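Enquirer: coords please:
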Amino acid sequence: MIPRVHGEAPSRAEIEELLDLAVRAPNHHRTEPWRFYVLAGAERERLARAIADELVDSKGAAPDAALNEGRTKADRAPVIVVFTVVPSRDPKVVEQEEIASVAMAIENFLIGAHAMRLGAMLRTGQAAYHPSIRNHLGLAPEEDVVGIVYLGSPAADRPLTERAPAVEKTTWLD
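Expert: Here you go, the predicted structure:
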């Protein structure tokens, strides 16, 4: 994935193709718990205001400074896609599986963006889970943010992030 993006936005058709990849994620009871909010242009202000509200509430930031910081973060990319989950209330459905399905939808979206040579980065942070995001995006009461993807044209190429080898995290049970 190329985490740095700049001002050239992908086309609506490209974004729709990525969302079509997202909905192919596995989902145990076929509840399709994912919802997508695509913010572009001036609509990124919704996320900026949610970030600002969280900064004021949690860090005591001055409202003007918080809004400036929110705008800086929302201006990281020309398109921001907020992925949310609306878990099924069917008693046989496990809520964690619903959240996992949305996480897999995000992964499909990111892999598709990479294949299209787009820049994409997953970000969340405290603002993603703050009640203000519900207000600014108009989320349903039972809806929660799972991830926020910043999408645009790649600003720079970079090597893969270093990770421990899989063998260090694997237990074989024979």
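
Enquirer: alpha carbons only for contacts and neighbour counts from here, please
Expert: Fine.

Enquirer: how deep is A100 tucked in, by neighbour count?
Expert: By the criterion of other CA atoms under 10 Å, A100 has 18 neighbours.

Enquirer: buried set for stretch 71-89?
Expert: By 16 or more other CA atoms under 10 Å, the buried positions in stretch 71-89 come out as 71, 74-88.

Enquirer: what's the biggest helix in this structure, counting residues?
Expert: Scanning the chain for the helix with the most residues, using DSSP state H, yields helix 95-115.

Enquirer: residue nearest the middle of this structure, spatially speaking?
Expert: I148 (1.8 Å; CA atoms, centre = their mean).

Enquirer: wait, that one sits on Q126?
Expert: No: the criterion here is CA atoms under 8 Å, and I148 misses it with Q126 at 11.6 Å.

Enquirer: put the alpha carbons of the host helix or strand of I51 into PDB.
Expert: Per DSSP states H and E: I51 is located in helix 45-59. Taking C-alpha atoms only, helix 45-59 is exported to PDB below (Å, rounded to 0.1, in the frame of the first residue of the first chain):
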ATOM      1  CA  GLU A  45     -15.300  19.200   6.400                       C
ATOM      2  CA  ARG A  46     -17.600  16.700   8.100                       C
ATOM      3  CA  LEU A  47     -14.600  14.600   9.200                       C
ATOM      4  CA  ALA A  48     -12.600  17.700  10.100                       C
ATOM      5  CA  ARG A  49     -15.400  18.800  12.500                       C
ATOM      6  CA  ALA A  50     -15.700  15.400  14.000                       C
ATOM      7  CA  ILE A  51     -11.900  15.400  14.600                       C
ATOM      8  CA  ALA A  52     -12.100  18.900  16.100                       C
ATOM      9  CA  ASP A  53     -14.900  17.900  18.500                       C
ATOM     10  CA  GLU A  54     -12.900  15.000  19.700                       C
ATOM     11  CA  LEU A  55      -9.800  17.200  20.300                       C
ATOM     12  CA  VAL A  56     -11.800  19.700  22.300                       C
ATOM     13  CA  ASP A  57     -13.400  17.000  24.400                       C
ATOM     14  CA  SER A  58     -10.400  14.700  25.000                       C
ATOM     15  CA  LYS A  59      -7.500  17.100  25.000                       C
END
